[in-house]
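Asker: Got a predicted structure plus its sequence, pasted below:
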Amino acid sequence: MHYQVVIVGGGTAGISIAARLLREAKALSGQVAIIDPSSKHYYQPLWTLVGGGAAQKEVTERDEASVIPDGAVWIQEAVKEFAPDVNQVMTEQGQTIEYDYLVVAAGIQVDWNRVKGLPETIGKNGVCSNYSYQYVSSTWDNIRNFKGGTAIFTQPVNPIKCGGAPQKIMYLADDHFRRSGVRNRTQVHFYSATPSIFAVKKYADSLSQVIARKGIETHFKHSLVEIDGEKHEAVFENVDSKERSTVHFDMIHVTPPMSAPDFIKKSPLANQDGWVSVDKFTLQHTKYANVFGAGDSSSLPTSKTGAAIRKQAPVVAQNLLNLLRNKPAVAQYDGYTSCPLVTGYGSLVLAEFDYNNEPDETFPFDQGKERFSMYLLKKELLPVIYWDGMLKGLM
């Protein structure tokens, strides 16, 4: 089986790139294959609001078949192995698929088992997480039924989907605790393995004010390594000293460690950290000229967000079309990403920045301030842009 372009991954990046290619080059119809085993497609950025009781999780789920672009061939299998020296991809089911060009957009792997005890207790015993369609409802169950005590929110040290999400749900929980009258008997703690609240100073300054206003206690450079749901105890390790401490919780929202998918880690396409090794501007592989990477599974040194993919997809598509037309791959990505930082029900700081962690803002006002309009943008407009724009190759 041979295709001109094979795309591994039917998530945001893979579908967006495929749609762009097929819109801009009708001759590619039937020659673009998308390999992905999933039967469902999720709009994950809304899971923060689902966990906070402000959206229904069902609206985030659609059949994968409904987002496959016209002209694309969907191979509903899982990838087992890459053989880039002979332009082949092997699937778990035993198929060998040949390509002229390859795009790896396989997303990120959620490693629940890297926190000892987490797989056994997630979704019960006050332990919840927004990072799964299966468990996101447990977050809202915990928040709305909370009667007071210690509420902990965690963030791991390694790259994760949307680096701001672990704190967004904390701000919503704080708001709900106040509305339900339990905040005065609640301690809210943020345990993050990162060294600060946010990497971009402008937005970090705004978030520090939010934390101070809400009375949240922060513990930076602390990584969750173990959890005992029945005892309601969490073990944290200091990133620098490696000293461990055990903390009681009444509820804990866990952001699990994440990494590149295992089949990428062990492949010739991976860098030393397991990500697809690509040039950060052209998104072309650093060794194989006919391979590109995009989205969360790539080595790009920027936040792993859907907004970043919205800027990466046009670059990959244009460079692929250039190569197909015997032209150089000159389109470039500047590292733009965005993180809509929900700071409460009806308030949001819209962080937009580039590779240099410098603000790269869209609107003609100070986006470092909390705004109701930006909350509406996230809740109402961005899902429409996603389903009807990005996934159709229109924006």
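Answerer: That came through fine.

Asker: Find the nearest non-adjacent residue to V6, please.
Answerer: Y99 (3.9 Å; CB to CB, 6 or more residues apart in numbering). For the C-beta atoms, the positions are set from N, CA and C on the backbone; glycine is no exception.

Asker: So what touches the one helix or strand that neighbour maps to?
Answerer: Following DSSP states H and E, one finds Y99 within strand 96-104. For strand 96-104, contacts defined as CB atoms under 8 Å, 6 or more residues apart in numbering pick out 1-9, 14, 17, 33, 35, 75, 82, 84, 87-91, 264, 269, 276, 288, 290-294, 297-298, 316, 320, 323-324.

Asker: again, only this time at 7 Å
Answerer: Applying CB atoms under 7 Å, 6 or more residues apart in numbering, the contact partners of strand 96-104 are 1-9, 17, 33, 75, 87-90, 264, 269, 276, 290-294, 297, 316, 320, 323.

Asker: ranges for the helices of the stretch 251-395 of the chain?
Answerer: For the stretch 251-395 of the chain, the helices defined by DSSP state H, counting those that start in this stretch occupy 262-265, 306-324, 372-376, 382-388.

Asker: who does the strand holding Y99 pair up with?
Answerer: strand 2-8 (parallel), strand 88-91 (antiparallel), strand 291-293 (parallel) (DSSP bridges).

Asker: Show me what the nearest residue to T362 once chain neighbours are set aside is bridged to.
Answerer: Excluding the flanking residues, the one nearest T362 by CB to CB, 6+ apart is E352, at 6.1 Å. As for beta bridges, E352 partners with S338 under DSSP bridges.

Asker: Contacts only, for E352.
Answerer: Neighbour list for E352: 338, 359-362, 367 [criterion: CB under 7 Å, 6+ apart].

Asker: Which of the helices of the stretch 251-395 of the chain sits closest to S180?
Answerer: helix 372-376 (20.3 Å; CB to CB).

Asker: and that closest one, which residues are buried?
Answerer: Using 16 or more other CB atoms under 10 Å as the test for burial, helix 372-376 gives 374-375.

Asker: Just the buried ones out of the contacts of strand 96-104, please.
Answerer: Buried among those by 16+ other CB under 10 Å: 3-9, 17, 33, 75, 87-90, 264, 269, 276, 291-294, 297, 316, 320, 323.

Asker: thinking A199 is in contact with E358, fair?
Answerer: No - proximity of A199 to E358 does not meet the contact threshold set by CB atoms under 7 Å, at 11.0 Å.

Asker: So for these two, which sits in the more crowded spot?
Answerer: Per other CB atoms under 10 Å, whichever of A199 and E358 has more neighbours is A199, with 16 against 11.

Asker: and the more buried one, how far is that from P359?
Answerer: Note on A199: its distance to P359, by CB to CB, to the nearest Å, is 12 Å.

Asker: Using the record's domain definitions, break the protein down for me.
Answerer: Structural domains assigned to the chain are 2-108+260-335+387-392, 112-251, following automatic domain parsing.

Asker: Which of those domains sits closest to V342?
Answerer: Per CB to CB, nearest to V342 of the domains of the chain: domain 112-251, 4.2 Å.

Asker: how long is the closest one from one end to the other?
Answerer: Distance across domain 112-251, first residue to last, is 18 Å (CA to CA, to the nearest Å).

Asker: re the thing from before, can you put the strands paired with strand 96-104 in JSON lines and add mean pLDDT and distance to V182?
Answerer: Below are the strands paired with strand 96-104 laid out as JSON lines (pLDDT from 0 to 100; distance: least, CB to CB, whole Å):
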{"stretch": "strand 2-8", "mean pLDDT": "98", "distance to V182": "46"}
{"stretch": "strand 88-91", "mean pLDDT": "98", "distance to V182": "51"}
{"stretch": "strand 291-293", "mean pLDDT": "98", "distance to V182": "46"}
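
Asker: Is my assumption valid that V59 occupies a position in a helix?
Answerer: Yes - counting by DSSP: H, G, I helix; E, B strand; the rest coil, V59 falls inside a helix.

Asker: how deep is it tucked in, by neighbour count?
Answerer: There are 12 residues near V59, going by other CB under 10 Å.

Asker: circling back: just the mean pLDDT for the next helix-or-strand element following the strand holding Y99, thanks.
Answerer: Following strand 96-104 in sequence order, the next helix or strand is strand 109-110 (DSSP H and E). For strand 109-110, the mean pLDDT works out to 97.

Asker: starting at the chain centroid, how far to strand 109-110?
Answerer: 10 Å (CA atoms, centre = their mean, to the nearest Å).

Asker: what bridges to the residue nearest to the spatial centre of the chain?
Answerer: Centroid-nearest residue in the chain, with CA atoms, centre = their mean: K161, separated by 2.4 Å. When assigned by DSSP bridges, K161 has beta-bridge partners K304.

Asker: What are the boundaries of the helices in the stretch 101-250 of the chain?
Answerer: 118-121, 136-144, 165-179, 201-214.
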